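Asks: sharing a model that was predicted from the sequence below.
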Amino acid sequence: MTLDYNLQNKTAVITGGSGIICSVIAKEMAKKGVRVAVLGRQAEKAKAIADEIRSEGGTAISYGANVLEKESLLEARDFVRKEFGDVDILINGAGGNDTKATTGEDLSFFDIKAENLKKVFDLNVTGAILTTQVFGQMFTETGNGCVVNISSMAAYHPLTKTIAYSAAKAAVNNFTQWMAVHFNQNYSKKIRVNAIAPGFLLTSQNRFLMQHEDGSLTERGQSVLAKTPMGRFGEPEELVGAVLWLCSDAAAFVNGAVIPVDGGFSAYWGV
Ligand SMILES: NC(=O)c1ccc[n+]([C@@H]2O[C@H](COP(=O)([O-])OP(=O)(O)OC[C@H]3O[C@@H](n4cnc5c(N)ncnc54)[C@H](O)[C@@H]3O)[C@@H](O)[C@H]2O)c1
């Protein structure tokens, strides 16, 4: 039996597709021959990524969709189906943290508002669930499909300050396992649901925690690097290999797994 890494002519839907990590995933998937549907909360930003992919010879479409509004996702699904037909891959990339749900000098744990906690839970957890309802239903019709969720190191051990984000990403891991079992038990043994758990990258959502305005590391940034055996932050491009592998036949027996891509962060306790 030879299982290969080929993703040529597969169709992938990528939410958060105009974000830092998922725009890179979208572009790299397109280079491997994947037909990419870039979904973004802001249609223009998603379109810009799809335009870039097409200008480099790839196949891409875009659609403005809010992962917290099922109606909006259903519209996106109809559009993707009309343009590309069946979907093979769903990357649940929309997610992130919010400073209003992060403790710090200006915000104590006791003052965090429920609405801000809920926003972070909803974006990371409810958004992934609703999107999987909408596109996963297509998988049950074809009997095939692959979902990749984007978790975080915060899922394994809660990170200080990011109370809602840590809990939400733990729930993403839990959802990844739950969904894998649910698809297999109720719909098809061939549908797979996995996640990657990136380590620390410098992106818009965490830069304020890692770096001072002059670019020097905060105490937290220094702690992260001290606990990352590879001694550096990751780059979005370094997440792509794991995603391509998870989506390919080479990972045909990988299901309900969360793959750390973290420079060794999760392997090291600092001692
Ligand atoms: N940056 C990191 O270091 C890091 C580490 C671990 C995990 N992650 C996770 O990776 C994923 C991508 O993060 P990123 O760093 O590229 O952040 P990003 O902010 O660049 O991308 C997130 C994307 O989600 C979109 N989005 C937000 N709310 C939405 C909604 N309601 N509907 C649709 N789209 C919405 C945003 O518009 C944005 O394009 C997130 O789940 C994040 O939690 C990031």
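Replies: Received the coordinates, thanks.

Asks: could you find the closest non-adjacent residue to residue 97?
Replies: Of all residues not flanking residue 97 in the chain, residue 165 sits nearest, at 4.1 Å (Cβ to Cβ, 6 or more residues apart in numbering). The way it works is simple: take the backbone N, C-alpha and C, and place the C-beta from them, glycine included.

Asks: contacting residues for the one you found?
Replies: 96, 97, 98, 101, 102, 120, 124, 152, 154, 159 (Cβ atoms under 8 Å, 6 or more residues apart in numbering).

Asks: 6 Å - rerun?
Replies: 97, 120, 154 (Cβ atoms under 6 Å, 6 or more residues apart in numbering).

Asks: how about stretch 49-63: buried residues?
Replies: Within stretch 49-63, the residues scored as buried using 16 or more other Cβ atoms under 10 Å are 49, 50, 52, 53, 58, 59, 60, 61, 62, 63.

Asks: try stretch 152-165
Replies: Across stretch 152-165, burial judged by 16+ other Cβ under 10 Å covers 152, 153, 154, 155, 156, 159, 161, 162, 163, 164, 165.

Asks: any chance of those residues in TSV, plus secondary structure?
Replies: TSV is the format used below for the buried residues of stretch 152-165 (DSSP: H, G, I helix; E, B strand; the rest coil):
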residue	secondary structure
152	coil
153	helix
154	helix
155	helix
156	coil
159	coil
161	coil
162	coil
163	helix
164	helix
165	helix
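
Asks: out of these, who's nearest the ligand?
Replies: The nearest member of these to the ligand, counting by Cβ to the nearest ligand atom, is residue 152 at 3.7 Å.

Asks: how near is the residue lying closest to the closest one once chain neighbours are set aside to residue 134?
Replies: Closest residue to residue 152 apart from its sequence neighbours, by Cβ to Cβ, 6+ apart: residue 169 at 4.2 Å. According to Cβ to Cβ, to the nearest Å, residue 169 and residue 134 sit 22 Å apart.

Asks: does the residue nearest to residue 152 sit in a helix or strand, and which one?
Replies: Assigned by DSSP states H and E, residue 169 falls within helix 163-186.

Asks: tell me the angle the next helix or strand along the chain from that helix makes with helix 163-186.
Replies: Using DSSP H and E, the helix or strand that follows helix 163-186 towards the C-terminus is strand 191-198. Orientation check (axes from the mean of the first three to the mean of the last three Cα atoms, to 10 degrees): strand 191-198 against helix 163-186 gives 160 degrees.

Asks: give the other helices and strands that strand 191-198 contacts.
Replies: Other elements packing on strand 191-198 under the criterion 3 or more Cβ pairs under 6 Å, 6 or more residues apart in numbering; DSSP states H and E are strand 145-150, helix 163-186, helix 237-247, strand 258-261.

Asks: hey, which of these is tucked in deepest?
Replies: Stretch with highest mean neighbour count among the helices and strands packed on strand 191-198: strand 145-150 (a mean of 26; mean count of other Cβ atoms under 10 Å).

Asks: quick one, strands of the protein?
Replies: 11-14, 35-40, 60-64, 89-92, 145-150, 191-198, 258-261 (DSSP state E).

Asks: this completes my enquiry, with thanks.
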